[in-house]
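next input, structure requested:
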Amino acid sequence: MLVKTFGSAVYGIEATTITVEVNVSTGTKYYIVGLPDNAVKESLQRIESAITAIGYRMPRQKIVVNLAPADIRKEGSAYDLSIAVGILAASGQLLEDKLQQYIILGELSLDGMIQPIKGALPIAVQAKKDGFKGIVLPSVNAKEAAIVSDLEIYGVESLQDVVDFFDGNRIIAPTVVNIQEEFERNIDNYDMDFADVKGQENIKRALEIAAAGGHNVILIGPPGAGKTMLAKRMPTILPPLTIEESLETTKIHSVAGLLPAAGSLMTTRPFRAPHHTISDVALVGGGTHPQPGEISLAHNGVLFLDELPEFKRSVLEVMRQPLESRNITISRSKFTVDYPASFMLIAAMNPCPCGYYNHPEKECICGAAVVQRYLSKISGPLLDRIDLHVEVTPIEFNELSSSRKAESSKSIRERVIKARERQAQRFSGNEKVYCNAQMSSRMVREVCQIDESGQQLLKRAMERLSLSARAYDRILKVARTIADMEDSADINNQHLAEAIQFRSLDRENWAG
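Below is the predicted model of the structure:
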């Protein structure tokens with residue numbers, strides 16, 4: 001007897017519906033065809049044990065399972081449940097009249113319990129597109145899938161629950177999530193605040209400018225100056241995620257299996273801080289079975305690279321293209337997957353190997369050549385993609401012990417949101433640009449026009465500070481953001497002067 005059930009496969013952050021055809025006929029042996037990987041091939045042992053554990057029988061006949069379309073490779077253990085249900089229905093132990101209305105997914109344990117899967121959200125999105133009535137999946141993943149409206153989501157704990165559901169012996173209440181309510185309740189759910197940081201007002205100002213314009217930042221300063229503490233609070237001053245951004249971010253984390261247990265929607269901007277021993281594949285994504293890397297997990301949020309010169313050169317260089325295109329394409333011989341990677345980069349580094357070059361009190365033991373060699377680990381093309389170079393100095397004891405309350409993240413965020421709204425109006429006709437940092441050189445010439453006195457100021461600064469040519473556009477972009485923060489239609493000399501000071505590493509004589 002031939003029975004069809006339906007599963008789903010995830011490629012990149014999109015899903016494809018898989019038809020699971022099960023035929024039980026005269027003969028012996030079990031077969032799974034349709035390009036299954038080892039995890040799928042091994043499913044029959046798990047399925048047999050699970051079926052026996054709940055009191056049903058595994059047919060001692062020829063069983064052929066075909067996963068269609070047969071030219072797409074099937075990976076992972078999520079097909080266990082759809083194959084098991086198909087076998088029970090094909091052998092006459094389960095009613096099949098409702099099977100074609102549902103996507104059925106889940107990994108089976110030997111005792112018949114159901115384990116979580118990855119990618120429940122993109123699977124639910126595709127199921128709705130394909131016109132399915134609902135999804136039967138592990139209860140742990142139910143809230144995540146229930147984000148998609150007009151789709152019945154049934155969370156189950158065991159194979160017995162699934163059998164009872166399709167036989168009509170048990171009524172399972174569908175999982176319902178109010179997206180708007182969930183979104184608004186957790187949108188400001190941050191554990192940290194800029195109010196926790198004593199002093200460092202100039203650094204806070206730089207990070208506010210970065211947040212307002214979407215600029216990448218590098219913080220240069222001695223150990224213990226507060227670089228990491230400040231960077232970790234960056235998401236708290238960025239504009240809140242929109243519903244669309246939240247869904248896209250949740251999709252990526254769903255595919256990677258990083259959503260918290262029984263979680264649903266990601267409502268705060270992600271903050272990713274990989275260790276400097278990370279490989280280039282782990283950073284950009286890939287592997288034998290491609291998975292999103294750290295740059296995609298930081299999509300719509302912040303990627304923080306601490307001790308930047310300690311990262312391998314190859315790791316840093318693979319970031320150059322995603323920083324410009326804001327997506328990463330991973331190609332294999334038989335398929336290609338795309339992951340979004342629109343993130344804000346914050347890097348932190350010591351100014352030299354000992355950490356005390358330019359320190360106001362402690363003496364640096366590194367020679368000028370050593371400092372220059374240390375800084376040269378960061379390539380020019382990568383540095384070219386970082387708009388703000390911020391020197392961080394140690395905080396004085398008087399500021400550290402002061403009882404004066406610092407400005408909260410909420411207050412800073414309000415100003416950032418206003419600046420972003422101005423940019424949204426400016427770039428309303430361009431879907432690929434939504435903040436100043438994303439402007440092309442051509443757009444910079446159109447949007448960041450300055451008068452004659454501004455041109456002279458910029459010319460003198462570039463000559464006296466020996467700024468490189470690549471600093472020109474960066475200064476204009478940052479100056480445009482500063483003007484937006486002050487609700488100014490024009491870039492004046494004050495805006496330019498403040499932007500110029502954020503190009504430390506472009507000065508030819510900065511490291512002596």
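
L241 touches T250, doesn't it?
No - applying CB atoms under 8 Å as the test, L241 and T250 come out as separate, 9.7 Å apart. For the C-beta atoms, the positions are set from N, CA and C on the backbone; glycine is no exception.

between those two, which contacts overlap?
Shared contacts of L241 and T250 (CB atoms under 8 Å, 6 or more residues apart in numbering): M266.

for the closest residue to D387 other than its chain neighbours, list the residues it contacts.
For D387, the nearest residue in space outside its immediate sequence neighbours is H215; the separation is 3.9 Å by CB to CB, 6 or more residues apart in numbering. H215 makes contact with I209, M344, D387, L388, N436, A437, K477, V478, T481, according to CB under 8 Å, 6+ apart.

now do the fifth one, the pLDDT please.
What that stands for is N436. You'll see N436 listed with a pLDDT of 91.

now the fourth one
As predicted, L388 sits at a pLDDT of 93.

I'd like to know how many residues surround V162.
Neighbour count for V162, taken as other CB atoms under 10 Å: 28.

also E446?
With other CB under 10 Å as criterion, E446 counts 9.

which SSE is it in?
Following DSSP states H and E, the helix or strand that holds E446 is helix 441-447.

that helix - contacts with which helices or strands?
Contacts defined by 3 or more CB pairs under 8 Å, 6 or more residues apart in numbering; DSSP states H and E place helix 441-447 against helix 471-485.

now the angle from whichever helix or strand comes after the helix it packs on to helix 471-485?
Reading on from helix 471-485 to the C-terminus, the next helix or strand found by DSSP H and E is helix 493-500. With axes from the mean of the first three to the mean of the last three CA atoms, to 10 degrees defining the directions, helix 493-500 sits at 130 degrees from helix 471-485.

what about helix 493-500, distance to the chain center?
Distance, stretch centre to chain centre, for helix 493-500: 33 Å (CA atoms, centre = their mean, to the nearest Å).

and stretch 281-290, average pLDDT?
So the average pLDDT for stretch 281-290 ends up being 85.

what comes up buried for that stretch?
Residues of stretch 281-290 classed as buried under the neighbour-count rule (16 or more other CB atoms under 10 Å) are A282, L283, V284, G285, G286, P290.

do the same with stretch 351-365
Buried residues in stretch 351-365 (16+ other CB under 10 Å): P351, C352, C354, G355, Y356, Y357, N358, H359, C364.

pull the longest helix from this structure.
helix 409-426 (DSSP state H).

what is it packed up against?
The contact analysis (3+ CB pairs under 8 Å, 6+ apart) places helix 409-426 against helix 201-213, helix 471-485.

need the winner for burial among these.
helix 471-485 (a mean of 24; mean count of other CB atoms under 10 Å).

with adjacent residues omitted, what lies nearest to L99?
Per CB to CB, 6+ apart, closest to L99 is T5, 5.2 Å.

tell me how far that neighbour lies from P381.
51 Å (CB to CB, to the nearest Å).

same deal with S411?
S411 is 37 Å from P381, by CB to CB.

which intervals of the stretch 101-250 of the chain have sub-threshold pLDDT?
Within the stretch 101-250 of the chain, the ranges that satisfy pLDDT under 70 run 186.

so what's V416 up against?
E208, A211, A212, I237, L238, P239 are the contacts of V416 under CB under 8 Å, 6+ apart.

what distance do you get for the most centrally placed residue in the chain to Q321?
By CA atoms, centre = their mean, the chain has its centre lying nearest to L297, at 2.4 Å. Distance, L297 to Q321, by CB to CB: 17 Å.
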